[in-house]
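Novice: predicted model follows, preceded by the sequence.
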Amino acid sequence: MRSLLYIIAVVLVIGWIFGFLVYSLGSLIHILLILAVISILLSLIKKS
């Protein structure tokens, strides 16, 4: 389950960077970043 959360976090961060640099869609980009951070935090919490 941890690896799945890491994969989701990486995909969301890549999507955020891509959207920020190419499309600049406003709040959607920040939502992707927040979801990536939450995924990383959840994986760290479940790890300990």
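Specialist: Alright, I've got the coordinates. Residues are numbered from 1 along each chain as shown.
Novice: wait, what's in contact with residue 8?
Specialist: By CB atoms under 8 Å, 6 or more residues apart in numbering, residue 8 lies in contact with 36, 39. Glycine gets a C-beta too; all of them are placed from N, C-alpha and C.
Novice: give me the pLDDT for it.
Specialist: pLDDT recorded at residue 8 is 83.
Novice: just residue 48 next, same as before
Specialist: At residue 48, the model reports a pLDDT of 65.
Novice: likewise for residue 2?
Specialist: pLDDT, residue 2: 67.
Novice: what comes up buried for the longest helix anywhere in the chain?
Specialist: Of all segments of type helix in the chain, defined using DSSP state H, the longest is helix 27-47. Within helix 27-47, the residues that qualify as buried are 29, 32, 33, 35, 36, 39, 40, 43, counting by 16 or more other CB atoms under 10 Å.
Novice: for the most centrally placed residue in the chain, list the residues it contacts.
Specialist: Closest residue to the average C-alpha location of the chain: residue 36 at 1.9 Å, with CA atoms, centre = their mean. By CB under 8 Å, 6+ apart, residue 36 lies in contact with 8, 9, 10, 12, 13, 16.
Novice: in terms of pLDDT, where does the closest residue to the fifth one other than its chain neighbours sit?
Specialist: Excluding the flanking residues, the one nearest residue 13 by CB to CB, 6 or more residues apart in numbering is residue 36, at 4.6 Å. Listed pLDDT for residue 36 reads 84.
Novice: what about residue 13, distance to residue 6?
Specialist: Using CB to CB, to the nearest Å, residue 13 is found at 11 Å from residue 6.
Novice: oh sorry, the question was meant for residue 31
Specialist: Residue 31 is 19 Å from residue 6, by CB to CB.
Novice: burial count for residue 5?
Specialist: By other CB atoms under 10 Å, the residues close to residue 5 number 18.
Novice: isn't it up against residue 45?
Specialist: No: with contact defined as CB atoms under 8 Å, residue 5 does not count as touching residue 45 (10.3 Å).
Novice: circling back: what is the most widely separated pair among the contacts of residue 36?
Specialist: Pairwise distances across these peak at 12.4 Å for 8 and 16 (criterion: CB to CB).
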